[in-house]
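J.: what shape does this take:
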Amino acid sequence: MNLVNFSSSTLSILPAILALSIAVITHRVLLSLGLGIISGALLLNDFSFSATLLYISSHVLDLFVDNGGVNFDKMSIVVFLMLVGMITVLITLSGGTHAFAAWAQRRVKSKRGAKLLAVFLGVFIFIDDYFNSLTVGAIMRPVTDRFHVSRAKLAYILDSTAAPMCVIMPASSWGAYIITVIGGILVSHGVTEYSPLSAFARMILMNFYAIFALLMVFAVAWFQMDIGSMRYFEYQALTGNRLGDGKDSTSSLDNELGIEESNKGHVSDLIVPIAVLIVTTIFWMIFSGAEILKANAKSFSILGAFENTDVGMSLLYGSGLGLLSALLTVSKQHLSVPEISYAMWVGAKSMFGAIMILFFAWIIGSVIGDMGTGKFLSTLIHGNIPHQLLPVILFILSAAMAFSTGTSWGTFGIMLPISGDLSAVTDIALMLPMLSAVLAGAVFGDHCSPISDTTILSATGAHCGHMDHVLSQLPYALAGAIIAAVAYLVLGFTESLTIALLVGFCIFILVCLMLMWLSRRPKKYC
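T.: Predicted coordinates:
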């Protein structure tokens, strides 16, 4: 297929700009990504309708077929997402969330304990951000209400543990998606010194916003650092006037999923399926990697196993056994096969939106690569902007895009290939920092965006007013972003992760001290 070369033309950025601008105007991610794909395909094929149709069709087919067989790398992620959706609904159906909430109400003895339990659950339930926000919200609402924790504070905890944990964990829906995108970027630029999973693992500590957002939520829960509207909502909750409950929000997790939750469940009905998914996935990652090391006559090591692992197969085994354990817990409720089948269908269907975004993101990533967008942008930057500034610039651009569009995944799909191209033609040593900056910026922008699905679901899970959550979370998100931006500046100029983290931790401590001082200043509420 003979494609037009746009690597030295301003038209190379048109598909990405079109996708971004339409997303900002319409807030419709699939529409914007679709138009970006079509515009790029038309340009690459010199506006030939038949060639454009053939080009798009071939990329769609590539999602499902690879070398005459099933494209296992991509289809394994799709199946994993659907299985995660099924597990989510079956845990709800079994009454596991209801039972854990009742257990927590009997065990937690203080307001600080209630908040820390919510943080712990948010960290532990990391397989999917939707699952995290809705499940932890349903579990913790009765507990945090009992100790006069505001719904705004609970929504902040949900939002600041969901995406930050998902984006740094390989055994999550986010991690699986990111690993596949990174794999394509590494292949396209001939990077062979590390595998996609190994690259993802190296990027975890470079995802500064995720790290400091998690540290911040622990600090806020422990030290009661309440500023701005969060301080107002906490005061109202303490005095018994629970403003910002979000009467427009969904009244329960059951209504959100359309599934009736059993009141005969046990705590194990929640813990066991999630534990099985996590443990089994990690086990198969190590086992499959060890088999490859053995076949190549190499000695075993944990890092070596993870670098050579079969991610897709590990995720399928883990989610498959997790689903089986969830089915076993539901079977104790003596439900009919049609009821269980319907619940599984609801769970799988809940992931269809994410899967469609994933398909479109994969295709537009290929289009952007064919357009030579990164190469063109690199020519603008070369000689004008020091390459050391690229990580922080990409962090800011990704944040702006995610804020405007309300989607992290859409931002990943557009910005990760561009950052890969930029690093390849400027400084390949900065590829992982630049990719990490995109991930971090997308999560930050997603946190601040009123139209973000995770923002909406966190408010829903906490039964908090939507804008109450957005405004009360904003100061903490901005604080984390400032720390991350400085850390990316340091990383870009020193190329030392250790120095960047040390500087980030020092600024984090200073920010926490400032927030503690602000939270203790006298303020009149009425």
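J.: list the contacts of residue 493.
T.: Neighbour list for residue 493: residue 388 [criterion: CB atoms under 8 Å, 6 or more residues apart in numbering]. C-betas here are computed from N, CA, C, even on glycine.
J.: for this protein, what spans make up the strands?
T.: Under the criterion DSSP state E, the chain contains strands at 65-66, 69-70.
J.: out of those strands, which one sits most buried?
T.: Ranked by mean neighbour count, those are led by strand 65-66 with a mean of 14 (mean count of other CB atoms under 10 Å).
J.: what lines up beside it in the sheet?
T.: Here strand 65-66 has these sheet partners by DSSP bridges: strand 69-70 (antiparallel).
J.: quick one on the thing from earlier: among the strands of the chain, which comes closest to residue 492?
T.: strand 65-66 (36.0 Å; CB to CB).
J.: quick one: average pLDDT of that closest one?
T.: Here strand 65-66 scores 88 as its mean pLDDT.
J.: what sits up against that strand?
T.: Residues from elsewhere that reach strand 65-66, judged by CB under 8 Å, 6+ apart: 71-73.
J.: what of stretch 25-43?
T.: Outside of stretch 25-43, the residues within contact range by CB under 8 Å, 6+ apart are 4, 6, 11, 14-16, 18-23, 52, 55-56, 356-357, 360-361, 363-364, 367-368, 370-371, 405-407, 410, 413-414, 451.
J.: again, 7 Å this time
T.: Under the contact criterion CB atoms under 7 Å, 6 or more residues apart in numbering, stretch 25-43 has outside partners 4, 6, 11, 14-16, 18-19, 22-23, 52, 55-56, 356-357, 360-361, 363-364, 367, 371, 405-407, 410, 413, 451.
J.: again with stretch 502-521
T.: In contact with stretch 502-521 (CB under 7 Å, 6+ apart) are residues 208, 212, 215, 219, 223-227, 231, 479, 483, 486-487, 490.
J.: quick one: the helices in the stretch 351-500 of the chain?
T.: For the stretch 351-500 of the chain, the helices defined by DSSP state H, counting those that start in this stretch cover 352-371, 373-381, 390-405, 408-426, 431-448, 453-462, 466-494, 497-519.
J.: check those for me and report the most buried one.
T.: For those, ranked by mean neighbour count under the definition mean count of other CB under 10 Å, the leader is helix 431-448 at a mean of 29.
J.: just the angle between it and helix 453-462, please?
T.: Computed with axes from the mean of the first three to the mean of the last three CA atoms, to 10 degrees, the direction of helix 431-448 lies at 50 degrees from that of helix 453-462.
J.: contacts only, for residue 150.
T.: Contacts for residue 150 (CB under 7 Å, 6+ apart) come out as 233-234, 236-237.
J.: repeat the analysis, applying 6 Å as the threshold.
T.: Counting by CB atoms under 6 Å, 6 or more residues apart in numbering, residue 150 touches 233-234, 237.
J.: for those residues, pick the one with the most neighbours.
T.: Compared across the contacts of residue 150, residue 233 has the highest neighbour count, 28 neighbours, by other CB atoms under 10 Å.
J.: surely it meets residue 154?
T.: No: Residue 233 is beyond contact range of residue 154, at 10.1 Å (criterion: CB atoms under 6 Å).
J.: if you average pLDDT over each of the helices of the stretch 351-500 of the chain, which is lowest?
T.: Among the helices of the stretch 351-500 of the chain, helix 373-381 scores lowest, with a mean of 67.
J.: so can I have CSV of the helices of the stretch 351-500 of the chain showing distance to residue 340?
T.: Below are these laid out as CSV (distance: least, CB to CB, whole Å):
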stretch, distance to residue 340
helix 352-371, 20
helix 373-381, 47
helix 390-405, 37
helix 408-426, 30
helix 431-448, 34
helix 453-462, 24
helix 466-494, 33
helix 497-519, 46
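J.: out of those, nearest to residue 114?
T.: Residue 114 lies closest to helix 453-462 among those, at 12.8 Å (CB to CB).
J.: quick one: list the elements packing against that closest one.
T.: If you count contacts as 3 or more CB pairs under 6 Å, 6 or more residues apart in numbering; DSSP states H and E, helix 453-462 packs onto helix 129-146, helix 151-166.
J.: ok, of the ones you listed, where does mean pLDDT dip lowest?
T.: If you rank the helices and strands packed on helix 453-462 by mean pLDDT, helix 129-146 sits at the bottom with a mean of 76.
J.: buried residues, that one. List them.
T.: Using 16 or more other CB atoms under 10 Å as the test for burial, helix 129-146 gives 129-141, 143-145.
J.: likewise for stretch 328-346?
T.: Applying a neighbour-count criterion of 16+ other CB under 10 Å, one finds 329-330, 335, 340, 342-344, 346 buried in stretch 328-346.
J.: and of those, the nearest to residue 497?
T.: Using CB to CB, residue 329 comes nearest to residue 497 of the buried residues of stretch 328-346, at 41.7 Å.
J.: is it true that the closest one touches residue 271?
T.: No: contact criterion CB under 6 Å: residue 329 and residue 271 do not qualify, at 10.0 Å.
J.: how about the contacts made by residue 182?
T.: Residue 182 touches 196, 199, counting by CB under 6 Å, 6+ apart.
J.: now it: how far from residue 435?
T.: As judged by CB to CB, to the nearest Å, residue 182 and residue 435 stand 7 Å apart.
J.: before I go, just wanted to say thanks for your time.
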